[in-house]
Structure formats: C-alpha cells, structure tokens
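[1] Provided below for reference: sequence and predicted model.
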Amino acid sequence: MTGPLPPPYISDNRGATHTGGGDLYYTAFFADAADRSRKARLASIKELDWFRQRFVHPPGYGQAHDILRTHRTLLLDGAPGSGRSTAAKVLLRELSSGSERFHELSWEDENEKYRVEPDLIGDDDRVWFDLSRADDRIWRALQDDLSSLRKRVDQHSALLVVVLPSRGSETLWPQFGSLNSWIDRPSAMEVLRRHLRLEGVPGAVTSPQPAFLSSDRPMLEIARFAGLVKKAYEDAADAGYLDWYKAAERASTGRGPEVATLVSKLRFGPQRALLLATAMLHQAHVDHVYSAATALLKTVDYADERHTLERSDLIESLRDIDAELDADRHVRFTDLGYDAAVRTHFWHNMPGLRDGIQRWVATMIDHPDLNDKECDELVMRFAEQCLHSMHLQALVDSVTHWTKGPKPYRRQLAADRALRSALSAEEHGSFFRRKIYDWATDSHIPKALAQVIIVICTEVIAVTHPDQAIVRLHHLARRENRTTDARTALLGMADGDPWMRRQLLARLTRLRTVGKQWDSDVDLFLELADPAAFTAPGTHNRPLIAEAEVREMLTEGWRRAFQERGEVDWKTGLRQWLLTAFRDDLYRDALIGVLVAGSEQRGDVLARLYSEARALPRFITESREQYAAFIDLVLQKIFAVQGIRVT
C-alpha cells in the first residue's frame with residue numbers, strides 16, 4: 001500500500017534574525033551537521049512508522065516476509081498500484097530495531113551502462129531498490145550486479161528489497177527465482193478505513209463503501225481520497241459519510257470543467273488575478289490575498305484605469321469567484337479541492353501566463369505582507385504545479401533566480417522548501433538530485449544557492465541517498481574559496497557515522513579526476529583522519545581500521561599528505577596518531593603501520609615520525625617501560641620499510 005507523504009519534516013522552528021543592514025544567510029547550523037543528520041534519520045524512521053501504521057498487509061505479504069528474513073534479499077513483484085514500494089519499506093521496518101540505516105539504492109546511467117555499487121551497503125543496513133519504472137534493458141543490466149549485491153548484503157548482515165519492474169519476474173534469471181515473491185492488492189475498503197481511523201474521522205471502522213472504490217484504484221489514490229474525506233469532515237463535522245464522500249469525490253476529479261466555466265465568466269483581469277491569488281494563498285488573510293492579486297496585475301503589466309470607488313468591494317469580488325471570508329478574515333473557497341483545481345487550470349491551460357506566475361511568485365517571496373507560513377505555502381503550491389515532466393525546468397530556473405541578488409534569506413528558505421517538495425516526489429526526485437549535482441560541480445555557484453544545497457544534502461538527501469549527499473557536498477567543498485560551510489557539513493556527517501566516514505575516505509583517496517588533482521582533498525583527509533574515530537568500536541564492535549581496505553586507503557591519504565603538504569600541515573595529525581597508537585594496545589601496530597607505509601621510505605618523513613615518537617613523554621604519564629616498548633615498535637616498523645634487518 002502506498003500513501004501520501006506524512007507531514008513534512010521541518011528540522012527546526014528557529015530562524016535567524018536580521019537586525020542590521022546587508023545580506024543574511026542561513027548558515028548558523030553547519031557546525032552541528034552531525035546532529036542535524038541524526039535528527040533527519042530519526043525523522044525518516046518516524047516516516048516509515050507512519051506508513052507502517054496505515055499499511056494493510058496484502059495477500060502474499062507473509063511469503064515475502066519469510067523470504068526476506070531467510071535470504072536477506074527479496075525480489076518483490078506485483079501489479080502497478082498494488083503498493084509494492086511501500087510494502088518494501090514496511091517489510092524492512094518490521095525486520096529492524098530502528099537503529100539501522102534505512103536508505104535507497106539508485107542506478108546510474110554512465111555511457112548507457114547501468115550499475116550500482118555494492119559498497120553502498122553497510123553493516124545492518126536496511127535498503128530498498130525501486131526498479132518499478134525501469135525498462136527491460138535496465139533490468140537486464142542490473143541483474144548482472146545482483147549477485148555481488150547479495151554477497152555484500154550477507155557479509156554485512158543487511159537486508160535488501162528490490163521492487164521489480166512490470167513483468168520483471170518473467171525475465172528473472174533462474175538462480176534468483178527463490179528470492180522472488182508476488183503481492184496482490186489489499187482490500188481497498190480496508191485501506192480506506194485504516195487511513196480514516198488514523199486520521200481521526202469518527203465511525204471509520206463501519207464506514208460505508210464510496211462509489212470512488214467501484215473501480216480499482218492505486219493505493220496512492222485511495223490514501224489521497226482519505227485525506228480529502230478528512231478535510232470534508234473538518235469542514236462539516238455535523239454531516240455524515242455520504243456528504244463527506246460526495247465532497248471528496250468531487251474534489252478528487254480535479255473539478256477542471258467547473259473552474260474552466262468560472263474563468264470564462266470572469267472577463268476582467270482583476271477578477272482572474274483575485275481568483276489565482278486566492279488559490280495560491282488559500283486560507284491566508286484577505287489583506288494579503290488582495291496585495292498578492294494587485295502584485296500579480298502589476299507583474300503581468302495589466303493596467304486598470306478605473307477609480308477605486310468604481311470597482312467591486314472585496315465581499316462582492318470574492319462572491320464572484322465562489323470564495324468567502326471566515327471569522328478571522330481568511331479567504332477560502334466554499335468547495336473542497338477548488339483551490340487546487342484553480343491552480344492547475346491557470347498553470348496548464350494558460351501557458352502564456354506561466355512566466356508571469358514565476359515572476360510573481362518571486363515578487364511575493366520578498367513581499368513584506370506575507371508571513372513565513374504563507375510564503376512557504378505559496379512556494380510549495382507553485383512547486384506542485386512544476387512537478388510535471390514538461391515543467392521541471394521552471395522550478396529549476398526559479399530556484400536559481402531566487403538565490404541570486406539581494407535579500408537572500410527569504411529566498412533561500414523558498415528554494416529550500418521547493419527542493420524539499422521536488423525531492424519527495426518519487427517520479428522526479430532523481431531529476432532534482434541530478435540537478436543538485438550539476439549545481440555542486442559549478443565553480444561559479446552563487447553563495448546563497450550553495451548554502452541551500454548544503455542544507456538539502458545534510459537533511460534530505462543524506463537520509464535516503466547518503467552516498468549521493470557525500471558526492472555533492474564533496475564537490476562543493478572542493479570549490480569553496482570564501483567559506484568552509486560544505487567542508488564543515490561534510491565532515492560533520494562523517495562524525496559518529498562509520499559508514500559515512502568510510503565512504504568519504506574512499507572518495508578522498510581513490511577518486512581520480514581526469515586531468516585534475518584537487519589539493520583540497522589532502523586538507524579534507526587530514527581533518528577526516530582522526531585516529532580515535534578509526535579505532536572506535538563500530539557496528540558489531542569492529543572499528544574501521546580493522547579492515548585491510550580501510551588501512552590501504554589511510555596509507556594513500558597519508559602518502560599524499562606527506563608528499564603534497566609541508567610538515568607544518570601534517571605535524572599535528574601525525575602527533576595525534578602516534579599518541580593514539582601509544583595508548584591503544586589492540587590497534588597500535590595498524591596505526592603505526594599506516595604512517596610508516598605512507599612515508600614511501602622517505603628519510604625526512606621517517607625521521608620526523610621517529611622524532612615525534614621520541615617527543616611523546618611531553619604528553620603522557622604512562623611508565624617508561626611502556627614508552628620504551630612503543631619506541632621499539634616504531635623503530636622496527638621504520639627498519640622494516642627501509643629493508644634493514646635488526647637482530
């Protein structure tokens with residue numbers, strides 16, 4: 001069963017205060033990126049629990065559960081609209097304690113070669129791989145990677161659910177047949193009742209079946225319909241299910257013909273401007289709606305020569321567009337779902353007005369009359385109209401425009417909200433993650449846009465696609481020449497998260513950009529190479545430095561540091577490694593071995609390493625015997641790398 005997204009996660013309810021002149025950027029919380037990332041992951045777990053509460057187990061679910069529990073990998077199939085994607089997440093959530101990392105794999109198209117990296121699966125991870133929109137060519141290519149993915153899953157005690165493309169079972173390789181399971185559609189009425197009950201609509205358990213369910217509906221449509229029934233109940237609590245269903249059914253059709261008829265009757269620009277402003281700022285204060293309508297007319301260069309006394313008053317104007325005022329003088333349409341239908345009509349049926357709407361939204365973001373809540377809703381409703389295949393670029397252009405020029409703070413918030421909406425759209429999330437990658441690799445990216453991307457990577461992309469968040473932040477960090485916000489956020493995400501630290505280490509020490517070496521990668525490595533973090537007990541009590549592959553990467557990092565940086569840059573880090581090695585009996589050999597191997601037998605580096613080891617008594621209180629044994633080990637390692645035999 002698929003449902004609408006739960007209430008959007010907002011990282012914090014605090015904002016910066018502008019108390020003087022100049023621009024205000026929202027940069028206050030990059031230093032606690034690790035905490036922000038952890039809070040975002042907790043919010044992700046709450047979102048999974050939200051889905052789980054509303055999930056109705058479909059026929060075939062028990063078999064799927066058993067396969068996943070037994071084999072750790074499940075290939076899930078089902079008819080489109082049966083709720084396969086949500087079933088995958090619920091299965092993973094039910095077979096977890098909540099402390100595991102939940103994230104999604106994605107396939108990348110590089111020169112028409114589709115593949116996924118097994119290294120993206122870490123210890124105890126709960127991973128889903130949604131291929132429901134993949135074509136046969138992609139599906140055949142990705143089956144090549146399935147064996148290596150399964151091996152990685154087993155080695156790291158992880159769980160993986162792959163949602164197959166339509167008819168994917170028909171072309172499944174025989175060796176994967178035992179991992180395949182099919183789920184049918186759950187009872188549509190049971191799904192509706194579950195949603196209504198959890199949304200607090202009374203009598204949901206015995207509610208009658210609406211005409212809406214007379215035909216097969218995708219689970220997502222049923223969940224949306226339940227949301228409309230809830231709104232109908234809130235608008236008319238004294239009515240009953242027949243009235244609530246009727247209102248919800250009318251709203252679910254989109255009400256396009258009704259809106260088209262109304263617009264055709266409104267022959268004057270001010271009437272239509274008020275109609276659109278009411279739809280975009282639905283339930284906002286009437287003064288703000290009126291200001292927005294006036295701003296829209298000005299934006300599209302509409303000239304109204306009539307005197308104010310000759311125009312209709314607000315009450316009459318609102319009556320003309322089937323809207324009304326509530327007791328708090330907030331404007332609303334009288335019929336459920338009418339505001340969404342109006343927005344859709346203007347955007348899709350009046351293409352000549354789209355550029356004007358974009359400029360108008362940008363104007364209203366800066367408008368002092370709108371409060372933050374109204375501004376957020378305006379932006380999210382605009383983003384909703386852009387989230388169609390034909391109009392994605394309009395949202396990209398708007399985000400780019402909003403983060404240029406003066407007054408960046410309010411515009412940054414608008415860009416943040418728009419991108420969060422875009423990334424949560426299953427069909428278009430990959431498009432916007434790719435666009436964020438393009439922005440991150442642009443050396444001339446505006447500072448305000450870079451700040452937005454840092455927050456989005458840390459709080460949104462890192463939750464579902466942590467590998468992609470690292471890549472994008474890494475590109476930003478490489479190109480920073482004024483601030484170190486991306487670097488702070490990148491290192492913050494790795495803090496306390498061994499998987500993130502390992503992934504970043506791999507990028508810093510194994511990635512080679514054709515034709516260009518990034519000096520900043522050496523500086524990032526020296527900040528990342530905290531010996532305490534690499535020797536700290538990780539998942540299953542296994543520290544990172546216990547892995548031979550990690551030691552190889554650390555050796556490469558130190559090699560570049562010794563080769564490309566002066567002693568003043570790496571001396572403090574070297575001392576820290578030696579001090580940790582002295583106090584860590586278990587991983588002393590590995591720590592010293594990494595440093596010595598990284599020296600590449602350079603006499604000056606080895607001399608400094610030995611000198612720093614000899615200077616340790618300034619920082620330790622342990623016995624002379626322990627210190628002597630430590631120095632002896634350091635010398636043995638140095639002699640060994642130089643090929644000197646000591647008897």
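    Thanks, I have the structure now.
[2] alpha carbons only for contacts and neighbour counts from here, please
    Fine.
[3] Run the chain-centre distance for whichever helix or strand His345 is part of.
    For His345, the host element (DSSP states H and E) is helix 338-349. Taking Cα atoms, centre = their mean, to the nearest Å, the mean C-alpha location of helix 338-349 is offset from the chain mean by 28 Å.
[4] which parts of that helix are buried?
    Residues Tyr338, Asp339, Ala340, Ala341, Val342, Arg343, Thr344, His345, Phe346, Trp347 are the ones in helix 338-349 that count as buried (16 or more other Cα atoms under 10 Å).
[5] Same list (those residues) but as JSON lines, adding pLDDT and distance to His195.
    Below are these laid out as JSON lines (pLDDT from 0 to 100; distance: Cα to Cα, whole Å):
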{"residue": "Tyr338", "pLDDT": "94", "distance to His195": "23"}
{"residue": "Asp339", "pLDDT": "95", "distance to His195": "23"}
{"residue": "Ala340", "pLDDT": "94", "distance to His195": "22"}
{"residue": "Ala341", "pLDDT": "95", "distance to His195": "24"}
{"residue": "Val342", "pLDDT": "96", "distance to His195": "27"}
{"residue": "Arg343", "pLDDT": "96", "distance to His195": "27"}
{"residue": "Thr344", "pLDDT": "95", "distance to His195": "26"}
{"residue": "His345", "pLDDT": "95", "distance to His195": "29"}
{"residue": "Phe346", "pLDDT": "96", "distance to His195": "32"}
{"residue": "Trp347", "pLDDT": "96", "distance to His195": "31"}
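[6] Just name the closest of those residues to Leu526, please.
    Nearest to Leu526 among the buried residues of helix 338-349 is Trp347, at 51.2 Å by Cα to Cα.
[7] Hmm, that closest one is touching Arg354, no?
    Yes: taking Cα atoms under 8 Å as the definition, Trp347 is a contact partner of Arg354 at 6.2 Å.
[8] and the helix or strand that contains Leu297, what's its mean pLDDT?
    Per DSSP H and E: Leu297 is located in helix 286-299. Per-residue pLDDT values over helix 286-299 give a mean of 95.
[9] From the contact counts, what lies against it?
    Secondary-structure packing of helix 286-299 (3 or more Cα pairs under 8 Å, 6 or more residues apart in numbering; DSSP states H and E): helix 269-280, helix 354-366.
[10] pretty sure Ile504 contacts Ile470?
    Quick fix: residue 504 reads Leu, not Ile. Yes: the pair Leu504 / Ile470 is scored as a contact, 6.8 Å apart, by Cα under 8 Å.
[11] now the helices for the stretch 301-450 of the chain?
    Here the stretch 301-450 of the chain has its helices, by DSSP state H, counting those that start in this stretch, at 314-320, 338-349, 354-366, 372-386, 392-402, 408-423, 429-440, 447-456.
[12] what does stretch 455-472 contact?
    11, 30, 33, 36-37, 40-41, 44, 102-105, 120, 416, 419-420, 433, 436-437, 440-441, 473, 489-490, 493, 500, 503-504 (Cα atoms under 8 Å, 6 or more residues apart in numbering).
[13] and what of stretch 436-449?
    Counting by Cα under 8 Å, 6+ apart, 25, 400, 403-404, 408, 412, 450, 453, 472-473, 475-476, 479 sit against stretch 436-449.
[14] Name the residues of that stretch that are buried.
    Buried residues in stretch 436-449 (16+ other Cα under 10 Å): Ile436, Tyr437, Trp439, Ala440, Thr441, Ile445, Lys447, Ala448, Leu449.
[15] So, low pLDDT: which residues of this structure?
    1-34, 36-37, 108-113, 305-311, 482-483, 511-516, 621-622, 646-647 (pLDDT under 70).
[16] Strands of that one, residue ranges please.
    73-78, 102-104, 108-110, 113-115, 126-130, 159-163, 180-183, 323-325, 331-333 (DSSP state E).
[17] so can I have JSON lines of those showing mean neighbour count and distance to Phe562?
    Shown next, in JSON lines, are the strands of the chain (neighbours: other Cα atoms under 10 Å; distance: least, Cα to Cα, whole Å):
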{"stretch": "strand 73-78", "mean neighbour count": "25", "distance to Phe562": "44"}
{"stretch": "strand 102-104", "mean neighbour count": "22", "distance to Phe562": "37"}
{"stretch": "strand 108-110", "mean neighbour count": "11", "distance to Phe562": "34"}
{"stretch": "strand 113-115", "mean neighbour count": "16", "distance to Phe562": "35"}
{"stretch": "strand 126-130", "mean neighbour count": "23", "distance to Phe562": "38"}
{"stretch": "strand 159-163", "mean neighbour count": "25", "distance to Phe562": "40"}
{"stretch": "strand 180-183", "mean neighbour count": "20", "distance to Phe562": "51"}
{"stretch": "strand 323-325", "mean neighbour count": "20", "distance to Phe562": "71"}
{"stretch": "strand 331-333", "mean neighbour count": "22", "distance to Phe562": "67"}
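[18] can you redo those as CSV with distance to Ala590?
    Formatted as CSV, the strands of the chain follow (distance: least, Cα to Cα, whole Å):
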stretch, distance to Ala590
strand 73-78, 34
strand 102-104, 31
strand 108-110, 36
strand 113-115, 34
strand 126-130, 31
strand 159-163, 31
strand 180-183, 43
strand 323-325, 72
strand 331-333, 68
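[19] coming back round to it: nearest to Thr171, of the helices and strands packed on helix 286-299?
    Here helix 354-366 is closest among the helices and strands packed on helix 286-299 (Cα to Cα), at 44.1 Å.
[20] With just CA atoms, put the top helix by length along the chain into CSV.
    Ranked by residue count and defined by DSSP state H, the top helix of the chain is helix 33-54. Output of helix 33-54 as CSV, limited to C-alpha atoms (Å, rounded to 0.1, in the frame of the first residue of the first chain):
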residue,chain,number,x,y,z
ALA,A,33,25.7,18.9,10.8
ALA,A,34,26.1,15.5,12.5
ASP,A,35,23.3,16.3,15.0
ARG,A,36,21.1,17.6,12.1
SER,A,37,21.8,14.5,10.1
ARG,A,38,21.0,12.2,13.0
LYS,A,39,17.7,14.1,13.6
ALA,A,40,16.8,13.7,10.0
ARG,A,41,17.4,10.0,10.2
LEU,A,42,15.2,9.8,13.2
ALA,A,43,12.5,11.7,11.3
SER,A,44,12.9,9.1,8.5
ILE,A,45,12.2,6.3,11.0
LYS,A,46,9.1,8.2,12.1
GLU,A,47,8.0,8.5,8.5
LEU,A,48,8.4,4.7,8.0
ASP,A,49,6.3,4.1,11.1
TRP,A,50,3.7,6.5,9.7
PHE,A,51,3.5,4.3,6.6
ARG,A,52,3.5,1.1,8.7
GLN,A,53,0.6,2.2,10.8
ARG,A,54,-1.5,2.8,7.7
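[21] what helices or strands is that helix leaning on?
    helix 84-94, helix 188-198, helix 462-464, helix 485-494.
[22] which of these is buried the deepest?
    helix 485-494 (a mean of 25; mean count of other Cα atoms under 10 Å).
[23] Specify the angle between that one and helix 33-54 in degrees.
    Angle, helix 485-494 to helix 33-54, by axes from the mean of the first three to the mean of the last three Cα atoms, to 10 degrees: 60 degrees.
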